[in-house]
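model this:
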Amino acid sequence: MDQINSFFEIIIDAYGPWGLGLLGIVLLTLTIQLCIYLGRYAKLPKYKDSRRESIAPTDQPVSLVLSMGEDYLWLENTLPVLLSQVYPTYEIVVVYVGNDTEFAETLQALSVGASTEHCRLTCTQIKQQRFPITLKTAHNVGIKAASYDNIILTTPDMIPPVSRRWLANMAAGFGRGDVVIGYCGVERGRGLSDLFIRTSQMMSSTQSLSSAICGKVYKASIQNFGFRKQVYFDNKGFGYLNMSLGEDDLFLQRIARDNNTSIVIGPNSTVRQKRWGGLGWWISTQRQQAVTYADYIKGVRDTLLWEPVSRMLFWVSSIAALVVMPDEVKIAVAALIVLRYALVWHTMFGIARRLGEKGLMGFYFIYDLLSPIMDYIMSKPKKS
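A predicted model of the protein is given here:
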């Protein structure tokens, strides 16, 4: 004990109490960062859902449900890809919300043409009335109209999946769980804003997917997740009818458990969301989705804060140490920065490869520095 006290006295004499406190913050926040990246995020590239106990066949019939307005480009570009998925038995349930008679008739004609013994397109129309039809209402109609118990939700802004086995991979998750979670990235564009948007989406999904792997499910992607119809009705539907959001997080938190959730990840299980703009569009979208954050349980909210807050404190304290501390401390802190970045980069490289994300890791150092500020801006709910 005397030796320890003598060591601290020497440190305090050399660097002062403020210097000692600054070094303590650097080391503490570095430890938190490494625990998160190596202890939690690093599980993602190695995860195999096949290790979970099988509870049902992996080729059960599945209903793909989505709601849409008038979208002839979707009929031309996306529907043929969905109809050509390699899977024994599935259906596509489209809920059309709108009053365009011609579009409704086109959907009906396509449904007749697509109907076969193993794959069919079914369409339901909800005419737009005085009050807007929410996505929850449309999905509820589609789920009730579905012929099969296994439901996978998606949206019309999902661009055509690259793999013809996307649906098969997602449906296989029902062999080991009542809830199936997949990954959705963002359509690739150009420029720094594109790199930030896609890296931000990958990091957000890394948080939710790694948390799900650790048994704490709180969010999925509305473009790529599913559940059994019986689970939906047992929980009386989506809930939170006072808001138009919540299907992929608040509802999921009610139905998902560690022992009933399958996480399906891989390049052939990945889908992508269509881009509707640049950085301004992305920030607006994230702020809109942040409305549901206030209804998360406290444990989930606290977990989401640990990584960005500890990262921001690490960078602030490290930069301060590089400015004000003696040369030997500057060298040590610089070495810790390099060590952290090397381990973080290695972990994220494995995650990007597992999720099928390309061309992001060269930008990651800039994202790592700036994202705590951007995350704060995007976490402020958009006022209605």
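
distance of residue 156 from residue 135?
Plainly put, residue 156 is 11 Å away from residue 135 if you go by CB to CB, to the nearest Å. (Each C-beta comes from the backbone N, C-alpha and C, glycine too.)

which neighbours do those two share?
residue 67 (CB atoms under 8 Å, 6 or more residues apart in numbering).

Residue 291 falls within a strand, correct?
No: read with DSSP: H, G, I helix; E, B strand; the rest coil, residue 291 is helix and lies in no strand.

Test my guess that it contacts residue 250.
No: counting by CB atoms under 8 Å, residue 250 is not a contact partner of residue 291; they are 10.3 Å apart.

more crowded one of these two?
A count of neighbours by other CB atoms under 10 Å puts residue 250 above the other of residue 291 and residue 250, at 19 against 16.

contacting residues around that one?
Residue 250 neighbours (CB under 8 Å, 6+ apart): 238-240, 292, 295-296.

how far is stretch 262-272 from where the chain is centred?
11 Å (CA atoms, centre = their mean, to the nearest Å).

end to end, how far does that stretch reach?
Taking CA to CA, to the nearest Å, the first and last residues of stretch 262-272 lie 20 Å apart.

Show me what counts as buried in that stretch.
Going by neighbour count (16 or more other CB atoms under 10 Å), the buried part of stretch 262-272 is 262-267, 269-272.

Of these, which is the nearest to residue 328?
Nearest to residue 328 out of the buried residues of stretch 262-272 is residue 265 (CB to CB; 44.1 Å).

Spell out the residue ranges of the helices in this structure.
Assigned helices in the chain, in chain order: 2-36, 43-46, 72-77, 79-83, 101-114, 135-145, 166-172, 191-213, 229-234, 250-255, 279-289, 298-324, 327-355, 364-378 (criterion: DSSP state H).

Report all helices and strands that the last one contacts.
Taking 3 or more CB pairs under 8 Å, 6 or more residues apart in numbering; DSSP states H and E as the contact definition, the neighbouring helices and strands of helix 364-378 are helix 191-213, helix 279-289, helix 298-324, helix 327-355.

number of nearby residues for residue 54?
Other residues close to residue 54 by other CB under 10 Å number 9.

Check what pLDDT it gets.
As predicted, residue 54 sits at a pLDDT of 78.

Residues contacting stretch 99-110, please?
Against stretch 99-110 from outside (CB under 8 Å, 6+ apart): 70, 72, 75, 79, 94, 96, 98, 121, 123, 125, 127-128.

mind saving the C-alpha coords of it as CSV?
Taking C-alpha atoms only, stretch 99-110 is exported to CSV below (Å, rounded to 0.1, in the frame of the first residue of the first chain):
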residue,chain,number,x,y,z
ASN,A,99,-57.6,6.1,-55.0
ASP,A,100,-56.0,5.6,-58.3
THR,A,101,-58.3,3.2,-60.1
GLU,A,102,-55.8,2.5,-62.9
PHE,A,103,-53.0,1.6,-60.5
ALA,A,104,-55.3,-0.6,-58.4
GLU,A,105,-56.4,-2.5,-61.6
THR,A,106,-52.8,-2.9,-62.7
LEU,A,107,-52.0,-4.5,-59.3
GLN,A,108,-54.9,-6.8,-59.6
ALA,A,109,-53.9,-7.8,-63.2
LEU,A,110,-50.4,-8.5,-62.0
